[in-house]
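Asks: quick one, fold the following:
(chains A and B)
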Amino acid sequence: DQQVKQNSPSLSVQEGRISILNCDYTNSMFDYFLWYKKYPAEGPTFLISISSIKDKNEDGRFTVFLNKSAKHLSLHIVPSQPGDSAVYFCAASANYGQNFVFGPGTRLSVLP
Amino acid sequence: NAGVTQTPKFRVLKTGQSMTLLCAQDMNHEYMYWYRQDPGMGLRLIHYSVGEGTTAKGEVPDGYNVSRLKKQNFLLGLESAAPSQTSVYFCASNPTGFQPQHFGDGTRLSIL
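Replies: Below is the predicted model of the structure:
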C-alpha cells in the first residue's frame, strides 16, 4: 500500500494561473516533506521542502502547505509558466530520516 | 561541476545477463542511493550507503547488489537480469541523510 499518494496523474493549467498539486500520506510518523520537479530524460531536482513544525513554506513562486491533521500537503505555483511543465513528485521521511518515500508523481502541463 | 553522473544512460540486456551500473558524484557527499522508477509508481529505494564501505537495503533490494568502495562511487549490480528489472534507475546523493538529494539523469535499462 502506497504511503505517499498523488491522486492526480496529470493537471493542465493556463499560463499565469495558479497550479495546485496535491499529496496525501498515511504514515503519521512522516515529519519532513520535499517536492521535486522532473523534466523528461533528466533526474528529479529539488524544489522546496517543509518540516512538520511548519504549516507553510514559500520560495518565490512556489509555496508548500502542510495540514498534519489531514495528512495532506499541497504545492502552489503562482503564476504558472510554460517552463513549469514537468512531473512533480512529493516525498516524505520519518524522524528527519535518511530515507524518503516518493509519491507516483503528477504531470503538470502549463498551456500558453 | 558534474554533480551526479550515471553510466551508462541506456542498456539492453538479455535475461540472465549481468551488468553493473556506475554512479559517481563529485560533491564529497556521504550518502548515496539507488532508486528504480516504474510507470505509475514513485521512486523506490533499492539500496543506499551512508558512507564509504557501507551499504544497506532499501524497499526493493532483491536481485540487486551494491558496493561503495570509494566515497565518490556507488555501484549497482544485477547478477542475473530478469524482465521484471526493466526500469529507469536513478542514483542520488546528499551530504547527510535528512537533506534533499541530488539526482543523476538516470539509466534506462531494458531486459528482454
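Asks: show me the shaky parts of the chain.
Replies: Chain wasn't specified; assuming chain A. Low-confidence segments of chain A (pLDDT under 70): A:96-97.
Asks: oops, I was thinking of chain B
Replies: Along chain B, segments meeting pLDDT under 70 span B:1.
Asks: kindly report the residues of chain A close to chain B.
Replies: For chain A, the residues in contact with chain B (Cβ under 8 Å from any Cβ of the partner chain) are A:2, A:4, A:9, A:32, A:34, A:36, A:41-46, A:49, A:89, A:91, A:93, A:96-105. All C-beta atoms are positioned from the backbone trio N, CA, C, and that covers glycine.
Asks: give me the buried entries from the residues you listed.
Replies: Buried subset of the residues of chain A next to chain B (neighbour count, 16 or more other Cβ atoms under 10 Å in any protein chain shown): A:4, A:32, A:34, A:36, A:43-44, A:46, A:49, A:89, A:91, A:93, A:98-105.
Asks: what distance separates stretch A:69-78 from the centre of its chain?
Replies: In terms of Cα atoms, centre = their mean, to the nearest Å, the centre of stretch A:69-78 is found 7 Å from the chain centre.
Asks: skipping adjacent residues, who's closest to the residue in chain A positioned nearest to chain B in space?
Replies: For chain A and chain B, the shortest gap (Cβ to the nearest Cβ) falls at residue A:98, measuring 2.5 Å. Excluding the flanking residues, the one nearest residue A:98 by Cβ to Cβ, 6 or more residues apart in numbering or on different chains is residue B:97, at 2.5 Å.
Asks: list the residues that contact that neighbour.
Replies: Applying Cβ atoms under 8 Å, 6 or more residues apart in numbering or on different chains to residue B:97 gives the contacts A:97-99, B:31, B:50.
Asks: phi and psi next, for residue A:87.
Replies: Main-chain dihedrals, residue A:87, degrees, to the nearest 10: phi -100, psi 130.
Asks: phi, psi of the residue nearest to residue A:98?
Replies: When read as degrees, to the nearest 10, the backbone of residue B:97 gives phi -60, psi -40.
Asks: so what's the most centrally placed residue in chain B up against?
Replies: Of all residues in chain B, the one closest to the mean position by Cα atoms, centre = their mean is residue B:34, 3.0 Å from it. The contact partners of residue B:34, taken as Cβ under 8 Å, 6+ apart, are B:21, B:23, B:45-48, B:58, B:64, B:66, B:74, B:76, B:89-91.
Asks: pretty sure residue B:76 contacts residue B:66?
Replies: Yes - counting by Cβ atoms under 8 Å, residue B:66 is a contact partner of residue B:76 at 5.5 Å.
Asks: follow-up on the earlier one: ok, and of the contacts of residue B:34, which contact chain A?
Replies: Applying Cβ under 8 Å from any Cβ, the subset of the contacts of residue B:34 adjacent to chain A comprises B:45, B:48, B:58, B:90.
Asks: close to chain A: what parts of chain B are there?
Replies: B:4, B:31, B:35, B:40-45, B:48, B:50, B:58, B:90, B:92, B:96-98, B:100-106.
Asks: in chain B, which residue sits nearest chain A?
Replies: residue B:97 (2.5 Å).
Asks: and the contacts of residue B:34 as CSV, adding neighbour count and secondary structure?
Replies: Putting the contacts of residue B:34 into CSV (neighbours: other Cβ atoms under 10 Å in any protein chain shown; DSSP: H, G, I helix; E, B strand; the rest coil) gives the following:
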residue, neighbour count, secondary structure
B:21, 21, strand
B:23, 25, strand
B:45, 21, strand
B:46, 24, strand
B:47, 23, strand
B:48, 24, strand
B:58, 17, coil
B:64, 19, strand
B:66, 23, strand
B:74, 30, strand
B:76, 23, strand
B:89, 23, strand
B:90, 24, strand
B:91, 30, strand
